[in-house]
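Trainee: the following comprises the amino acid sequence and a computationally predicted model.
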Amino acid sequence: MLPGEYHLKRDISLEAFLVTVLQQFDDQVPQDLRDAYDQRGLKLTEAVALASIVQREAMVEEEQPIIASVFYNRLAEGMKLESDPTVQFAIGYNKKQSTWWTNPLSNDDLQIDSPYNTYLNAGLPPGPICNPGISALQAVAYPAETPYYYFRARCDGSGKHSFAKTYEEHVQNACP
């Protein structure tokens with residue numbers, strides 16, 4: 001289901017609702033994107049799962065293709081994705097913080113036993129962690145070509161990330 005506005009009648013049946021949602025997705029995700037996923041070895045469901053991670057990681061839309069490239073680089077090397085939003089999704093609703101997206105995560109959080117925890121499980125999670133927008137779906141179809149394997153939020157509150165080729169560079173990008 002793509003994020004956005006859906007104009008529906010109050011008495012819509014479940015079947016009609018699902019047809020509407022699926023039609024909107026089909027209208028917004030054209031064949032060229034689907035072909036690009038296929039060329040990258042991804043089924044549509046896998047592409048949506050990856051796009052959902054990109055959606056949750058990227059606070060700045062222009063970084064989505066770079067973040068997608070980091071995940072592709074990791075997958076190509078057999079590395080775990082190690083994405084915080086997948087753990088946040090696995091944790092679920094945090095009553096103390098009144099949010100579905102626990103922040104910050106603790107070391108114990110990173111050990112949660114879930115197929116969605118990409119710190120423990122290699123590859124993609126079994127499904128999406130959110131409803132990705134069209135820009136995240138495009139980023140997965142057409143990622144940037146980068147040498148990066150790591151990224152972390154910058155310390156300036158901009159929502160942007162610092163990218164790194166090596167783990168050592170990644171550590172150096174930590175906030176003071």
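Mentor: Cool, got the structure.
Trainee: which residues of this protein fall in helices?
Mentor: Residue ranges of the helices in the chain, as given by DSSP state H, are 14-28, 31-39, 44-57, 64-77, 84-91, 134-141, 167-172.
Trainee: shouldn't Glu46 be in contact with Gly123?
Mentor: No: contact criterion CB atoms under 8 Å: Glu46 and Gly123 do not qualify, at 9.1 Å. (Glycine included, C-beta is placed from N, CA and C.)
Trainee: who has more neighbours out of those two?
Mentor: Each of Glu46 and Gly123 has its neighbours counted (other CB atoms under 10 Å); Glu46 has more, 19 against 13.
Trainee: quick check: closest non-adjacent residue to the more buried one.
Mentor: With sequence-adjacent residues excluded and distances taken as CB to CB, 6 or more residues apart in numbering, Glu46 is closest to Leu124, at 5.5 Å.
Trainee: now do the contacts for that neighbour.
Mentor: Applying CB atoms under 8 Å, 6 or more residues apart in numbering to Leu124 gives the contacts 46, 49-50, 75, 81, 118.
Trainee: skipping adjacent residues, who's closest to the residue most central in space within the chain in space?
Mentor: The residue lying closest to the centre of the chain (CA atoms, centre = their mean) is Ile53, at 0.9 Å. Nearest residue to Ile53, sequence neighbours excluded (CB to CB, 6+ apart): Ser83, at 5.1 Å.
Trainee: just Asn121 next, same as before
Mentor: Leaving out its chain neighbours, the residue that sits closest to Asn121 by CB to CB, 6+ apart is Pro115, at 6.0 Å.
Trainee: quick one: that neighbour from Val87, how far?
Mentor: According to CB to CB, to the nearest Å, Pro115 and Val87 sit 12 Å apart.
Trainee: looking at the two, which is more packed in?
Mentor: Taking neighbours as other CB under 10 Å, Pro115 and Val87 compare with Val87 leading, 23 against 13.
Trainee: tell me the contacts of that one?
Mentor: Residues near Val87 by CB under 8 Å, 6+ apart: 105, 109-110, 112, 114, 116-119.
Trainee: what is the nearest of those to Gln39?
Mentor: Nearest to Gln39 among the contacts of Val87: Thr118, at 23.3 Å, using CB to CB.
Trainee: surely the closest one touches Leu81?
Mentor: Yes: with contact taken as CB under 8 Å, Thr118 and Leu81 are classed as touching, separated by 3.9 Å.
Trainee: show me which of the two is the more surrounded one.
Mentor: Neighbours of Thr118 and Leu81, each counted by other CB under 10 Å, are more numerous for Thr118; the result is 26 against 21.
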